[in-house]
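Chemist: Make a model of this:
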Amino acid sequence: MRAKQVFTPGGFPQHTFVGEHLGDKEDALRQALDMGNVVISLSGPSKSGKTVFVQSVVGNDNLIHVTGAGVSDPKQVWEQVFYIIGTPLETVTTEEQGVGVKGEGKISGKASALFASAEAEGSVGGEVTRKTGQSERGAVDHLQLLIRELGNQDFVIFIDDFHYIEAAAQVELSKQIKEAVRNGVKIVCASVPYHSDDVLRANPDLRGRVMAIDLDYWTPAVLKDIARKGFQALNLTFDDSLIGTLADEAAGSPQLMQSLCLFCCYQVKVSERVETPEQLPVDQGYVTRVCESVAAMNDYSSTYDRMKEGPKIRGRARTAYLLKDDSVVDVYPIVLKAIALDPPMLTFRYAELLGRIEFLCKNDAPSGSSVTGTCAHIAFIANESANQSVMEWDESGDVLDIRDPYLLFYLRWGADE
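Modeler: Here you go, the predicted structure:
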């Protein structure tokens, strides 16, 4: 048994699946699939295991996994489905004819009787040529083909990242989804929590036909079970403090926990199950090497650089502050350093963040509008740079929320200080 088969950040964790805490949600999904005639809306934070959750209930053989990323037309979703299940798309081919004339000197009038319908302009003594070609036009009713292929079948279409579908396409797609589920096609739409009602907003007629299932970040106690199962399967012994540290660093993400555990194995040169039990180290140097290796696999460097620089300065330069490490920086690097301090946290209230900032500074520390304005700017920069919502500043509640655990992890372990 190989380590990469036990810890699977990008696939279904056959040996390290932990589902006891999802019992009620699994029941809800099974019941919704059994009912039929409803769209299942699955919401959960980024990297919270939505795909694995559906796979565990439906089974990989019955799951048709497609993505909403880059979709601007509903047919792009259904074409992904048809490609996966091997359904050919029919086309109609038509012949086209035309006339080409080349030569010198101008003449005008009708071409020869062979091309009586074509106007020609060419030269005396020139050459008239016949051109043929082919063009194709789609002859597929994607919705009716979908119903014919998958209506009242055990297959489940899982539309991941529904929120990435362009707004206009969402409206039309939601109408087609309504008709498809009415005809026995099973469909699950997944999105992040702040877009969990996109499928409803795109088509209010779906209200009453949507079963909402909400996932959340995993607790450290559940994440520790991933490590226990996997390390035991590989015959590796460990200290509870090690898996506790890993669970904290994973920040609620089972995918990130899988990566951390896998690189724990790689750092001690274990790529497959060992015959004799082997103890994993517990020293900070080992944990640091593991975390830095995982951070290198999730590059947020360009986003981080833009956040650290902040928006272009207009007028007076920003105030610089002296930190306890004797570096002198402005408020933007300070806020990022504060976010990266122990313990790892995804959500910061103003008072909590300010306390970290004051801890970093040797003398005076930024506060007030300087900090809140910086939080608003770095959230905007992060989202624009990453081309998705990875951070939010709630101005009404003075709360900074990091929506992607991998971004927090990079700030802690991948950022170049």
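Chemist: Would you map the helices across the stretch 251-400 of the chain?
Modeler: Ranges of helices in the stretch 251-400 of the chain, per DSSP state H, counting those that start in this stretch, are 254-267, 284-296, 301-309, 331-339, 350-360, 369-386.
Chemist: Can you lay out those helices as JSON lines showing mean pLDDT and mean neighbour count?
Modeler: Every residue, glycine included, has its C-beta placed from N, CA and C. JSON lines is the format used below for those (pLDDT from 0 to 100; neighbours: other CB atoms under 10 Å):
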{"stretch": "helix 254-267", "mean pLDDT": "97", "mean neighbour count": "24"}
{"stretch": "helix 284-296", "mean pLDDT": "96", "mean neighbour count": "16"}
{"stretch": "helix 301-309", "mean pLDDT": "93", "mean neighbour count": "17"}
{"stretch": "helix 331-339", "mean pLDDT": "97", "mean neighbour count": "22"}
{"stretch": "helix 350-360", "mean pLDDT": "96", "mean neighbour count": "16"}
{"stretch": "helix 369-386", "mean pLDDT": "94", "mean neighbour count": "18"}
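Chemist: Now do the same contact list for Gly397.
Modeler: Taking CB atoms under 8 Å, 6 or more residues apart in numbering as the definition of contact, the neighbours of Gly397 are Arg349.
Chemist: Thr347 versus that one, what's the distance?
Modeler: Plainly put, Gly397 is 10 Å away from Thr347 if you go by CB to CB, to the nearest Å.
Chemist: and what of Ile40?
Modeler: In this structure, Ile40 and Thr347 are 28 Å apart, going by CB to CB.
Chemist: what about those two, which has more around it?
Modeler: With other CB atoms under 10 Å as the criterion, Ile40 and Thr347 differ in neighbour count, and Ile40 comes out ahead with 23 against 12.
Chemist: Assumed that one was part of a strand.
Modeler: Yes: when classified by DSSP: H, G, I helix; E, B strand; the rest coil, Ile40 is found to be part of a strand.
Chemist: ok, now which ones touch it?
Modeler: When contacts are counted by CB under 8 Å, 6+ apart, Ile40 is found next to 29, 32-33, 186-189, 210-211, 213.
Chemist: that older thread, in CSV: the helices of the stretch 251-400 of the chain, plus distance to Val274.
Modeler: Conversion of the helices of the stretch 251-400 of the chain to CSV gives the following (distance: least, CB to CB, whole Å):
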stretch, distance to Val274
helix 254-267, 10
helix 284-296, 17
helix 301-309, 35
helix 331-339, 38
helix 350-360, 41
helix 369-386, 39
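Chemist: quick one, what contacts Ile64?
Modeler: Taking CB under 8 Å, 6+ apart as the criterion, Ile64 is in contact with 81, 84-85, 150, 155-158.
Chemist: likewise Thr87?
Modeler: Neighbours of Thr87 in contact, by CB under 8 Å, 6+ apart: 81, 145, 149.
Chemist: And the residues you listed, which is closest to Asp240?
Modeler: Val81 (45.3 Å; CB to CB).
Chemist: Output the contacting helices and strands for the host helix or strand of that closest one.
Modeler: Here Val81, judged by DSSP states H and E, is contained in helix 74-85. Secondary-structure packing of helix 74-85 (3 or more CB pairs under 8 Å, 6 or more residues apart in numbering; DSSP states H and E): strand 63-67, helix 142-150, helix 167-182.
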